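Student: No letters, just coordinates:
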């Protein structure tokens, strides 16, 4: 009887909208890779379907598992994450720009992506046990130490975008746990103190992305113009789309291959070109529905850990969506973050769907008052 009750309380709206976004994402990846000769690009659609199928099953598995059981396993989850991250520099696969972020276990997995959902559970559990101690600076420092090791390992891969996501998750969870305003000043001081060190440790292309966003290069600066190529082509794509777009697989920037990495980082530009303002707005509305349903789960959660998990998952999807869309329209620097549910990327999709599964686990065990 309890299992029947659980599935009656399953949020089918959250799940349905997520699946709708995934299907749309597969169609957009097909459009972005149509006619590709490169085997890696040609296989993107089938790979995304495979990972989506696994991810959907994962949603139901995680929903069936009590999230409090996962919380009780926080030590093993945390150690497992560190183990995977330590393996990356040893047996990791080198990708674009010399980044070593993937491990080949029959299929390529990106431990940093898996780590997003793991850290939500482990840090959420750690903070949920210290609700009454959030006024102490030692609690805040302890939470910083909790994420410092995985963040350091991810930053050195190098993966600045995911590093920032981890920091955002930490800020979200400590705020939800009851961060005191006076501690914010301390964070600002620490951030300014560490910024020169972070800058010096960034790869040249990472620093270039930031400086290109801040400055406007002259037409004579050919090297800088080349590095801004994707940003300019993305702006052209969005402008060409207009109100209703050019039609599916009919975008000149997409079909003509002027827009690079159009299946991952700049897939929102493909959407805007082919479906216009109306289509791109519809995608943002659907992502917004997902976030609101997860936040509803946080409000109805039966315990602090449940609330923490939902807040963390909502923050992950919200931040990545804002950054991905923002860099496509030129409001934010390019960070390499993908658009949740939509962009090509197997482990990224699994991570997002794992987050949905965790949120569903909280929702099906929510308070009976709705």
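Tutor: Thanks, I have the structure now. This structure is a prediction, so every number in the text was calculated from the model and none was measured. Numbering: from 1, shown residues only.

Student: Every contact and neighbour count from this point should use C-alpha atoms.
Tutor: OK.

Student: And the strands in this protein?
Tutor: Here the chain has its strands, by DSSP state E, at 93-94, 100-104, 108-109.

Student: rank the ones you listed by pLDDT, which is bottom?
Tutor: When the strands of the chain are ranked by mean pLDDT, strand 93-94 comes last with a mean of 69.

Student: quick one: the residue nearest in space to the middle of the chain from residue 365, how far?
Tutor: Centroid-nearest residue in the chain: residue 320, 4.6 Å away (criterion: CA atoms, centre = their mean). Between residue 320 and residue 365 the computed distance is 27 Å (CA to CA, to the nearest Å).

Student: Then residue 130?
Tutor: Taken as CA to CA, the span from residue 130 to residue 365 is 22 Å.

Student: same thing with residue 261?
Tutor: In terms of CA to CA, residue 261 sits 41 Å off from residue 365.

Student: Looking at these two now, which is surrounded by more residues?
Tutor: Higher neighbour count among residue 261 and residue 365: residue 365, with 23 against 15, using other CA atoms under 10 Å.

Student: List the contacts of that one.
Tutor: Residues in contact with residue 365 (CA atoms under 8 Å, 6 or more residues apart in numbering) are 6, 9, 301, 302.

Student: mind putting those residues in CSV, distance to residue 167, pLDDT and neighbour count included?
Tutor: Formatted as CSV, the contacts of residue 365 follow (distance: CA to CA, whole Å; pLDDT from 0 to 100; neighbours: other CA atoms under 10 Å):
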residue, distance to residue 167, pLDDT, neighbour count
6, 33, 80, 17
9, 32, 89, 15
301, 24, 92, 24
302, 26, 90, 16
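
Student: Looking at those residues, which are in helices?
Tutor: residue 6 (DSSP state H).

Student: returning to that earlier point: adding mean neighbour count, write the strands of the chain out as CSV.
Tutor: CSV is the format used below for the strands of the chain (neighbours: other CA atoms under 10 Å):
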stretch, mean neighbour count
strand 93-94, 16
strand 100-104, 21
strand 108-109, 18
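
Student: can you tell which of those is closest to residue 149?
Tutor: strand 100-104 (15.8 Å; CA to CA).

Student: got a list of contacts for the closest one?
Tutor: Contacts for strand 100-104 (CA under 8 Å, 6+ apart): 87-89, 91-95, 108-112, 157-159.

Student: go on, stretch 312-329?
Tutor: Against stretch 312-329 from outside (CA under 8 Å, 6+ apart): 116-117, 120, 165, 168-169, 172-173, 231, 234-235, 238, 265-266, 268-269, 288, 291-292, 294-295, 332-340, 352, 355-356, 359.

Student: Next, the buried residues of stretch 12-21.
Tutor: 14, 15, 18, 19, 21 (16 or more other CA atoms under 10 Å).

Student: what about the fourth one, distance to residue 352?
Tutor: Which is residue 19. 12 Å.
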